[in-house]
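Student: can't give you the sequence, but here's the structure:
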Ligand code: RIB
């Protein structure tokens, strides 16, 4: 019998090279770093881990190189019980992200795609929810969303990092999860709903999120936490949201879980290591 995954994530996997700084440097400026660490990351891998830790069965569709960084990232898939069968090994270096994290928790990121640039999404497993973002080639994003829609999955796009994309991708997306900057670049909420999205979830960082549908707008409250490092919080929100949608939650219920998961992610350092387990999220939900 063919397995049907709860969530299929098509996306990037990076090794994150992270320096903490008192404040992020401006153009042409050098600032002293206060610490350095390497963490597994990449928007796609973060989202896959977030969905898995929220309780979903997950397949990850991506690509890594034949190098030591790949070994680190593949070990994350194994540890989080994510199916690695759809990860290609490319003749390019595994993706790298150079990340500065300021004492405020804000970051700035440079991504070198490497192997991520070879992701095609030609071969996708069956899944209840298909989730992708914009750190792999856009034709792969379009293929993933179209294939997911045709197979009857819920298709979810996190359009990050911000870049303009058109109907060739957006027409296939049931739910779009941009931040405030990304939604403007995509033409606004009304445009996304007109292209066929049944919901647009605009994430607002520490202010929570707004859920827009044809019926109107509702606000999703944030969870009050003290942020240490916001890296991966948006990915955690999207991955956790998809896990709960696959489990059958209504969108408002799934969004509350996603907001709690995203908030917890900001309280710890690094991308993958900071993504919470379902039990941790439930503690925060019960405290609120
Ligand atoms: O969203 C956070 C992620 O963006 C990091 O893990 C980094 O790899 C970049 O892809």
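Tutor: Noted; the coordinates are in hand. All figures in this text were calculated on a predicted structure; none of them were measured in a lab.

Student: need the contact list for residue 151.
Tutor: With contacts defined as Cβ atoms under 8 Å, 6 or more residues apart in numbering, residue 151 is in contact with 124, 126. Yep, even glycine has a C-beta here, placed from its N, CA and C like the rest.

Student: What distance do you get for it to residue 158?
Tutor: Separation of residue 151 from residue 158 (Cβ to Cβ, to the nearest Å): 20 Å.

Student: can you check residue 106 too?
Tutor: Counting by Cβ to Cβ, the gap from residue 106 to residue 158 is 19 Å.

Student: ok, those two, which is more surrounded?
Tutor: Set residue 106 next to residue 158 and count neighbours by other Cβ atoms under 10 Å: residue 158 wins out with 30 against 15.

Student: Show me what that one bridges to in the sheet.
Tutor: Per DSSP bridges, the residues bridged to residue 158 are residue 133.

Student: Tell me if I'm right that it and residue 47 touch.
Tutor: Yes - counting by Cβ atoms under 8 Å, residue 158 does reach residue 47; the two are 7.1 Å apart.

Student: Common neighbours of the two, please.
Tutor: Common neighbours of residue 158 and residue 47 (criterion: Cβ under 8 Å, 6+ apart): 131, 133, 235, 238.

Student: ranking those residues by neighbours, who comes first?
Tutor: Among those, residue 131 has the most neighbours (other Cβ under 10 Å), with 35 neighbours.

Student: ok, that one - contacts?
Tutor: Under the criterion of Cβ under 8 Å, 6+ apart, the neighbours of residue 131 are 7-11, 47, 51, 156-158, 238-239, 242.

Student: Once you drop chain neighbours, what's closest to the spatially most central residue of the chain?
Tutor: Taking Cα atoms, centre = their mean, the centroid of the chain lies closest to residue 235, which sits 2.8 Å from it. Excluding the flanking residues, the one nearest residue 235 by Cβ to Cβ, 6 or more residues apart in numbering is residue 46, at 3.5 Å.

Student: So what's the residue count around the one you found?
Tutor: When neighbours are counted by other Cβ under 10 Å, residue 46 registers 32.

Student: What of the one 5 residues further on?
Tutor: Counted with other Cβ under 10 Å, the burial measure for residue 51 works out to 36 neighbours.
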